[in-house]
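[1] what's the 3D shape of this:
(chains A and B)
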Amino acid sequence: GESVGLHLPTLSVQEGDNSIINCAYSNSASDYFIWYKQESGKGPQFIIDIRSNMDKRQGQRVTVLLNKTVKHLSLQIAATQPGDSAVYFCAENMYSGGGADGLTFGKGTHLIIQP
Amino acid sequence: KAGVTQTPRYLIKTRGQQVTLSCSPISGHRSVSWYQQTPGQGLQFLFEYFSETQRNKGNFPGRFSGRQFSNSRSEMNVSTLELGDSALYLCASAGAENTEAFFGQGTRLTVV
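    Residues are numbered from 1 along each chain as shown, chains lettered A, B, ... in the order given. Model prediction:
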């Protein structure tokens, strides 16, 4: 079956540096992509989303890039802080273009912030 | 505005039993989706309800079922529990525009 995957299970960065988390997806029919952050003991928290008609979207300290040619999604976090420590998941949605209906999640990247 | 509330937070059941988990979405949200999270399989989609109707379903056996009430609260039921059903069960709600979804903290189910 088709799935969304992440390149690295763990990423360690220095506090203050920029972080880049990558994700490869396989379903070219997917229309909507989301990045979630999950802290220990909590449910996933929405970070930012992007639709297939865009290639870049910026939020507060975060940027998502979508490259449909190579089916690649990335999350950039600027000036990484200790509070950014978490597992980050990318997800794709084929059904409705929004919400949490039928999301396919990647395996997750654990972001570790070094002091 | 209260977030997505899942009850109970923790549950221990014996193989062969059944279990019902509850999810109260954010006020005004009509879409509720359920996910199973395990270390081995990650986050997997179970099903989604909108206005009391199941719109989509993931690849899980018929032992997994759900429903949604007129107030948008949702329940999921797992019958004839197996050890492999031990997982964190998450629900997420989204508004009528079906955009950003908000997850609850989940119910940790342990089957012994």
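[2] what parts of chain A come near chain B?
    Remark: the part of chain A in contact with chain B comprises A:34, A:36, A:41-46, A:49, A:89, A:91, A:95-108, using C-beta under 8 Å from any C-beta of the partner chain. (Each C-beta comes from the backbone N, C-alpha and C, glycine too.)
[3] beta-bridge partners for A:His72, please?
    Beta bridges link A:His72 to A:Ala24, A:Asn67, judged by DSSP bridges.
[4] relative to chain B, how far out is it?
    Relative to chain B, A:His72 is positioned 19 Å away (criterion: C-beta to the nearest C-beta, to the nearest Å).
[5] so B:Val32 sits in a helix?
    No. Membership of B:Val32 in a helix is not supported by DSSP: H, G, I helix; E, B strand; the rest coil, which gives strand.
[6] quick one: the strands in chain A?
    Counting by DSSP state E, one finds strands in chain A at the ranges A:4-6, A:10-14, A:19-25, A:32-38, A:45-51, A:56-58, A:62-67, A:72-77, A:86-93, A:103-105, A:109-114.
[7] with mean neighbour count added, can I get these in a markdown table?
    Supplementary listing: those in a markdown table, determined by neighbours: other C-beta atoms under 10 Å in any protein chain shown:
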| stretch | mean neighbour count |
| --- | --- |
| strand A:4-6 | 21 |
| strand A:10-14 | 14 |
| strand A:19-25 | 20 |
| strand A:32-38 | 23 |
| strand A:45-51 | 17 |
| strand A:56-58 | 13 |
| strand A:62-67 | 18 |
| strand A:72-77 | 20 |
| strand A:86-93 | 24 |
| strand A:103-105 | 25 |
| strand A:109-114 | 17 |
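[8] closest one to B:Gln54 among those strands?
    strand A:103-105 (15.9 Å; C-beta to C-beta).
[9] any regions of the chain where pLDDT drops low?
    Defaulting to chain A. In the predicted model, chain A carries pLDDT under 70 at residues A:1-7, A:95-98.
[10] wrong one, chain B
    For chain B (pLDDT under 70), the answer is B:1, B:96-98.
[11] surely B:Leu83 and B:Thr14 touch.
    No. The pair B:Leu83 / B:Thr14 is not scored as a contact, 10.2 Å apart, by C-beta atoms under 8 Å.
[12] where do the contact lists of the two overlap?
    Common neighbours of B:Leu83 and B:Thr14, using C-beta atoms under 8 Å, 6 or more residues apart in numbering or on different chains, are B:111-112.
[13] is it true that B:Val19 touches B:Leu109?
    Yes. Counting by C-beta under 8 Å, B:Val19 sits close enough to B:Leu109 to count as a contact (6.4 Å).
[14] list residues touching both of those two?
    Contacts common to B:Val19 and B:Leu109, judged by C-beta under 8 Å, 6+ apart, are B:11, B:13, B:78.
[15] which among those count as buried?
    Applying a neighbour-count criterion of 16 or more other C-beta atoms under 10 Å in any protein chain shown, the buried members of the shared contacts of B:Val19 and B:Leu109 are B:13, B:78.
[16] can you tell me which of the shared contacts of B:Val19 and B:Leu109 is nearest chain A?
    Proximity to chain A was ranked across these by C-beta to the nearest C-beta; first place goes to B:Leu11, at 15.6 Å.
[17] burial count for the nearest residue to the closest one once chain neighbours are set aside?
    Distances taken as C-beta to C-beta, 6 or more residues apart in numbering or on different chains place B:Leu109 nearest to B:Leu11, at 5.0 Å, with adjacent residues excluded. In terms of burial, B:Leu109 registers 20 neighbours under the definition other C-beta atoms under 10 Å in any protein chain shown.
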